[in-house]
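Asks: Starting from these lines, generate the structure:
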Amino acid sequence: MKIELIGENRFGITQEALTVITKHQLELSSMEVGAGHIYVDVPHLTEHNLPDVSSDLINIKGINAINVIDLLPNERRRFHLDALLANFPDPVFTIDATGSILSANAAAATPLGLTEIALEGMPIKDMLEGEYDITTTSPQRKQLQEVTLAGQPYLLELQSMQSINSSEDEGEGKNHSKKNNQNDNDNKQLAIQDCMLILHTPTRVGHHISKVQMGNIKGLNTIAGQSAAMLQVKDRAQQFASVHAPLLIQGETGTGKELFARAVHQASPWSSAAFLALNCAALPENLVESELFGYASGAFSGATRDGKPGLLELADGGTVFLDEIGEMSTYVQAKLLRFVQDGTFLRVGGKKEQKINVRLICATHRNLEQLVKEGLFREDLMYRLNVLNLTLPPLRERPEDILDLATLFIVRAANQIDCPTPSISTQAKTLLTSYAWPGNVRQLENLLFRTIAINKNKIIDANDLHLIGIADNTIINKAEPDNWKTAQIEFEKELLTRLYKHYPSTRKLAKRLEVSHTTIADKLRVYGITA
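Replies: Numbering: from 1, shown residues only. Alright, predicted model coming up:
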C-alpha cells in the first residue's frame, strides 16, 4: 500500500515516520519526500494493519493527515511519460555512446516485429539503414539525416542528452580563480552522455511545414467577394476540390491564385494532409528541380551527404502548388511531365525511382498557349496540367466586390498597425470603385495599408488616396477636358455606364451610389444609358 503523509516541513519528521514503520515490522519499498509531504510505498501495509500504523503516524508532531494513494509522484510521472512515448507516432530510440539501444517506444519496435524490451542492448546500426552519423561532438541538435527503418524512409533527428559536471578539481579551481577571478560557471562544462534518435516520416515533416504555411485559410467560403463572377468561380472551385486531378488556375497578377489553391486544398477530402507551395519564378532552374524532386547524397557540390527529400515526397498524400508554372524551364517541365503521367520521378542524382500520390495545382498569369507557340512551354504538359481549370476575374470586372474588400483590408491594416479602424468617405468609395486596379486585389490591399499607415485619420477621404497616387492612373487615357463642367459630365457618364452593367436597375444603382432614385433616373436619361 502507498500512503501520503501531509504535515510540517520539520527537521527529523521523516526519520520519525520511518521509525514508526520499522516498529510495525514493515519493509519500505520506496520513499519520496517533498516540502510538507512524505510519500512511502509499504508493500505489506494492508487495510487490516493500516489503522494501527496510521494511529502511530498521526501522533508524530507535525503530521496532519494521512491519505492512501495509488502511485508515488515519480511513479505517476514515469507512468505518464511511458504512456506519452507509447502513443507517440514517430519511432524514438535512446542510445549510449557505443550505439547500443537503451530504450525504444512502440512505434520503433512494431515495424521491426519486436517488443520495446527486446530492443534494449541491440546495436542501433542493425536497426537503421543509410549513410547517417550518430556521433556527437556538441550538444546542439544535428541536421535531419535520411535513414530507413524496416524498409520505410525516415528523417533522423539527433538530440544529445547532457549533464553538467565540474571541469576542474577543487585545487585547480582555486588556482584558476586566483588567476582569472572568473565566475564559477566557467568551472563547469556540458558532459554529453546518451542520445535520443527521433525518426520523422517525410509526410509528417511536410505536414508540419504545411501547418505553418497555411495560415488562417479555412475554405472557399472565407474568400471575400460576393459578385456574380466570384460566386461562379467559388462554386466551380468547390466542385473541383474533391476531384483528384491536376488543376490549373489562371488569372492576372494579384487576383488571388494561391489563395484559391489553398482554399481548394482545405475543401478537399485530403485537407488533413500537407499543402506545400513552390514559386517557379523565384528560383533558378537547378534549385527548382532539387526543391521539387529532392536530391540524392552527394548529387552536386554543396549538397548534404545524406540527401534531401523534395516537396513531392514531403507532401505525399496531399497537395503541391506550383506558382508561376509558365516560368518553369523546359528541362524541369520534361521531368514534371513524367511525374504527372505515372506518379514517379528520380531525385537529382538519384537512381532509385520514387512513386508518390500528390495532387498538383498550378497557377500562372501568362498565356500558356502562346508560350507553347513560342516553344517555351511543352504542349503535352500543358494539356496534362489543364485537366481542371479556374480563371479568376480581374478586380475591374467585379467592381461590386471592391468596397467589401476595402472594408476587410482596412480592418486588417488597422489591427496590424494598432490604430482605430477608419471609415471611408463617399468620395473615396467612388474613387476606389472607378479605378482600373491593374494590380488587382493585391494592389488594393497595399494601397489601403499605406493610406492608413501614413494618415491614421478617422475617415479615409479621396484626398488621402490622391496623395498615394491612385488618382494619377485613369482607366482610359483621355485628352484634358475643356472645363470643370465637361470633366464632370465625362466622369458621371463613364461611371454610370460601367456600374449600370452590374446594377441593372435605377433603384439598385441609386442604392449603390447612395443617391436618390430620381437622380439616377435623370442622369441615365440625360446620358442615354440603357441596359
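Asks: Pop the domain breakdown of this protein in here.
Replies: 2-75, 89-167+187-200, 205-391, 395-472, 484-527 (automatic domain parsing).
Asks: Select from the ones you listed the stretch with the lowest mean pLDDT.
Replies: In terms of average pLDDT, domain 89-167+187-200 trails the rest of these, at a mean of 77.
Asks: returning to what we had before: just send the domains of the chain back as TSV, with distance to Asp82 too.
Replies: Bear in mind the C-beta positions are built from the backbone N, C-alpha and C, glycine included. As requested, these are exported to TSV (distance: least, Cβ to Cβ, whole Å):
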stretch	distance to Asp82
domain 2-75	10
domain 89-167+187-200	9
domain 205-391	25
domain 395-472	45
domain 484-527	65
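Asks: Let me have those in a markdown table, extended by mean neighbour count and distance to Ala83.
Replies: What follows is those, written out as a markdown table (neighbours: other Cβ atoms under 10 Å; distance: least, Cβ to Cβ, whole Å):
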| stretch | mean neighbour count | distance to Ala83 |
| --- | --- | --- |
| domain 2-75 | 14 | 12 |
| domain 89-167+187-200 | 16 | 11 |
| domain 205-391 | 18 | 23 |
| domain 395-472 | 17 | 41 |
| domain 484-527 | 15 | 61 |
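Asks: List the residues that contact Gln370.
Replies: Contact partners of Gln370, counting by Cβ atoms under 8 Å, 6 or more residues apart in numbering, are absent.
Asks: Distance from the host helix or strand of it to the middle of the chain?
Replies: According to DSSP states H and E, Gln370 maps onto helix 368-373. Chain-centre distance of helix 368-373: 35 Å, with Cα atoms, centre = their mean, to the nearest Å.
Asks: next one: stretch 44-59
Replies: 57 Å.
Asks: Show the end-to-end separation of it, please.
Replies: End-to-end distance of stretch 44-59 (Cα to Cα, to the nearest Å): 21 Å.
Asks: what's it in contact with?
Replies: Contacts for stretch 44-59 (Cβ under 8 Å, 6+ apart): 1, 3, 5, 17, 20-21, 23-24, 26-27, 63, 66, 68.
Asks: Any chance of TSV for the residues you listed, columns distance to Asp323 and secondary structure?
Replies: Shown next, in TSV, are the contacts of stretch 44-59 (distance: Cβ to Cβ, whole Å; DSSP: H, G, I helix; E, B strand; the rest coil):
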residue	distance to Asp323	secondary structure
Met1	66	coil
Ile3	65	strand
Leu5	66	strand
Ala17	70	helix
Val20	75	helix
Ile21	72	helix
Lys23	79	helix
His24	77	coil
Leu26	73	coil
Glu27	71	coil
Ile63	70	strand
Ile66	68	strand
Val68	64	strand
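Asks: Next, give me the two most distant ones among those.
Replies: Taking Cβ to Cβ as the measure, the contacts of stretch 44-59 span a maximum distance of 20.8 Å, between Glu27 and Ile63.
Asks: CA atoms only: put the strand or helix carrying Ala109 into PDB for me.
Replies: Following DSSP H and E, the helix or strand that holds Ala109 is helix 106-109. Only the C-alpha atoms of helix 106-109 are listed here, as PDB (Å, rounded to 0.1, in the frame of the first residue of the first chain):
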ATOM      1  CA  ALA A 106       6.200   1.100 -29.600                       C
ATOM      2  CA  ALA A 107       6.500   3.000 -32.900                       C
ATOM      3  CA  ALA A 108      10.100   2.000 -33.200                       C
ATOM      4  CA  ALA A 109       9.700  -1.700 -32.200                       C
END
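Asks: For that helix, what is the distance to the chain centroid?
Replies: 27 Å.
Asks: which element follows that helix toward the C-terminus?
Replies: helix 116-119.
Asks: ranges for the helices of the stretch 251-400 of the chain?
Replies: Counting by DSSP state H, counting those that start in this stretch, the segments of the stretch 251-400 of the chain that form helices are 257-266, 285-293, 311-314, 330-342, 368-373, 379-385.
Asks: what does the second one rub up against?
Replies: Counting contacts by Cβ under 8 Å, 6+ apart, the residues outside helix 285-293 that touch it are 278, 280, 283, 299-300, 308, 310-312, 320, 322, 328-329, 331-332, 335-336, 339, 345-348.
Asks: how about a cut-off of 7 Å?
Replies: 278, 280, 283, 310-312, 328-329, 331-332, 335, 345, 347-348 (Cβ atoms under 7 Å, 6 or more residues apart in numbering).
Asks: could you dump these to TSV with distance to Leu197?
Replies: As requested, the contacts of helix 285-293 are exported to TSV (distance: Cβ to Cβ, whole Å):
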residue	distance to Leu197
Leu278	30
Cys280	36
Leu283	32
Gly310	24
Leu311	25
Leu312	26
Met328	38
Ser329	39
Tyr331	38
Val332	35
Lys335	33
Phe345	29
Arg347	24
Val348	27
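Asks: Can you tell me which of those is nearest Ser505?
Replies: Nearest to Ser505, judged by Cβ to Cβ, of those is Cys280 at 45.8 Å.
Asks: ok, that closest one to Ala363 distance?
Replies: 10 Å (Cβ to Cβ, to the nearest Å).
Asks: Identify the contacts common to those two.
Replies: Asp323, Ile325.
Asks: circling back: against which helices or strands is the helix holding Ala109 packed?
Replies: strand 92-95, helix 116-119 (3 or more Cβ pairs under 7 Å, 6 or more residues apart in numbering; DSSP states H and E).
Asks: and of those, who's closest to Arg398?
Replies: Using Cβ to Cβ, these put strand 92-95 closest to Arg398, at 52.6 Å.
Asks: Tell me the strands beside the closest one, with direction?
Replies: If you go by DSSP bridges, strand 92-95 pairs up with strand 101-104 (antiparallel), strand 188-200 (antiparallel).
Asks: Please tell me how far that strand is from the chain's geometric centre.
Replies: Distance, stretch centre to chain centre, for strand 92-95: 27 Å (Cα atoms, centre = their mean).
Asks: so Leu85 is in which element?
Replies: Going by DSSP H and E, Leu85 is in helix 73-87.
Asks: and Ser103, bridged to which residues?
Replies: Thr94.
Asks: re earlier: elements contacting the helix holding Leu85?
Replies: Looks like helix 73-87 contacts no helix or strand (3+ Cβ pairs under 7 Å, 6+ apart).
Asks: Can you tell me what sits against it?
Replies: For helix 73-87, the external contacting residues (Cβ under 7 Å, 6+ apart) are Glu32, Tyr39, Leu71, Val92, Asn105, Ala106.
Asks: got it, and stretch 507-527?
Replies: Under Cβ under 7 Å, 6+ apart, the answer for stretch 507-527 is Thr426, Glu492, Lys493, Leu496, Leu499, Tyr500, Tyr503, Thr506.
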